[in-house]
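K.L.:
after the sequence you'll find the predicted model.
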Amino acid sequence: DGGITQSPKYLFRKEGQNVTLSCEQNLNHDAMYWYRQDPGQGLRLIYYSQIVNDFQKGDIAEGYSVSREKKESFPLTVTSAQKNPTAFYLCASSSARGPGILPYEQYFGPGTRLTVT
Amino acid sequence: SQQGEEDPQALSIQEGENATMNCSYKTSINNLQWYRQNSGRGLVHLILIRSNEREKHSGRLRVTLDTSKKSSSLLITASRAADTASYFCATDASSNAGGTSYGKLTFGQGTILTVHP
């Protein structure tokens, strides 16, 4: 059964603690993405990775870190430096496209709701 | 600010009616995509329209794109209670002219659609 899994679904942490959110895909996609969604808002890009061992900052990377050691996995660490970490975090993946090839959509995981108190 | 701005922010209709959502954006795009999100879940891709297309259909969905006005609309015909969800437009401004690219998306804030039975 192909898809993207995120764990856990709900996560609670105390302020000042780092926390790592898991994202795994078995779609053989090259690109993976992390988004943050606040209530009533759209998605904002945190980090994205186009290939193993490479990743780029998105629009709101401060206070977050990622790694891409395997094609299937793209974990996100929310550090204590992130001032307002409580949010819904979504992971996505997509295929690459070469010249002249139709663009591909992104496939999303079910999300992790992080609450920091 | 976000690339995509959606209108209306919320839409409430009766089952059987049509629902129209609009999206405006600011820069040139490669393609525009529409996604659906049920409450507390991940996003699901609905339809993609490329910059050289003006209209696209998929089942009860009809999407239009006007690149001169930098706007798109999503029409859901004969709505059902199960269509109740948030709908997001996402723009892909990346270029693959120079080789492989990965479709980095910028999302709007979404339209909350409620369909009453």
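P.N.:
Okay, I see it.
K.L.:
drop to CA atoms for contacts and neighbour counts, all remaining ones
P.N.:
Noted.
K.L.:
residue A:40 contacts residue B:111, correct?
P.N.:
No: using CA atoms under 8 Å, residue A:40 makes no contact with residue B:111, being 9.3 Å away.
K.L.:
how many neighbours does residue B:7 have?
P.N.:
18 (other CA atoms under 10 Å in any protein chain shown).
K.L.:
interface residues of chain A facing chain B?
P.N.:
Counting by CA under 8 Å from any CA of the partner chain, the residues of chain A close to chain B are A:31, A:40-45, A:50, A:90, A:94-100, A:103-111.
K.L.:
and the buried ones among those, selectable in PyMOL?
P.N.:
Buried residues within those, by 16 or more other CA atoms under 10 Å in any protein chain shown, are selected in PyMOL with:
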select buried, chain A and resi 31+42+43+44+45+50+90+94+95+96+97+103+104+105+106+107+108+109+110+111
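K.L.:
the residues of chain A next to chain B in strands, which ones?
P.N.:
With DSSP state E as the criterion, strands contain A:31, A:43, A:44, A:45, A:50, A:90, A:94, A:107, A:108 from among the residues of chain A next to chain B.
K.L.:
state the helix or strand in which the nearest residue to the last one once chain neighbours are set aside lies.
P.N.:
So the one you mean is residue A:108. Excluding its sequence neighbours, the residue lying closest to residue A:108 (CA to CA, 6 or more residues apart in numbering or on different chains) is residue A:92, at 4.2 Å. Here residue A:92 sits within strand A:87-94, counting by DSSP states H and E.
K.L.:
touching, the residue nearest to residue A:108 and residue A:34? I think so.
P.N.:
Yes: judged on CA under 8 Å, residue A:92 makes contact with residue A:34 at a distance of 6.5 Å.
K.L.:
tell me which two of the ones in strands among the residues of chain A next to chain B sit farthest apart.
P.N.:
The largest distance within those, taken as CA to CA, falls between A:43 and A:50 and amounts to 18.9 Å.
K.L.:
ends of stretch B:74-93, what's the gap?
P.N.:
By CA to CA, to the nearest Å, the extent of stretch B:74-93 from end to end equals 19 Å.
K.L.:
list the contacts of residue A:8.
P.N.:
Residue A:8 sits next to A:21, A:22, A:112 when contact means CA atoms under 8 Å, 6 or more residues apart in numbering or on different chains.
K.L.:
closest one to residue A:3 out of the residues you listed, please.
P.N.:
residue A:22 (13.9 Å).
K.L.:
do you know how far the closest one is from residue B:25?
P.N.:
In terms of CA to CA, residue A:22 sits 32 Å off from residue B:25.
K.L.:
what about the two, which has more around it?
P.N.:
A count of neighbours by other CA under 10 Å puts residue B:25 above the other of residue A:22 and residue B:25, at 23 against 17.
K.L.:
quick one: stretch B:52-67 to chain centroid distance?
P.N.:
10 Å (CA atoms, centre = their mean, to the nearest Å).
K.L.:
now do that stretch: everything it contacts.
P.N.:
B:28, B:47, B:49, B:51, B:71, B:72, B:73, B:74, B:75, B:76, B:77, B:78.
K.L.:
can you rerun that using 6 Å?
P.N.:
Contacts with stretch B:52-67, where a contact means CA atoms under 6 Å, 6 or more residues apart in numbering or on different chains, come from B:72, B:73, B:74, B:75, B:76, B:77.
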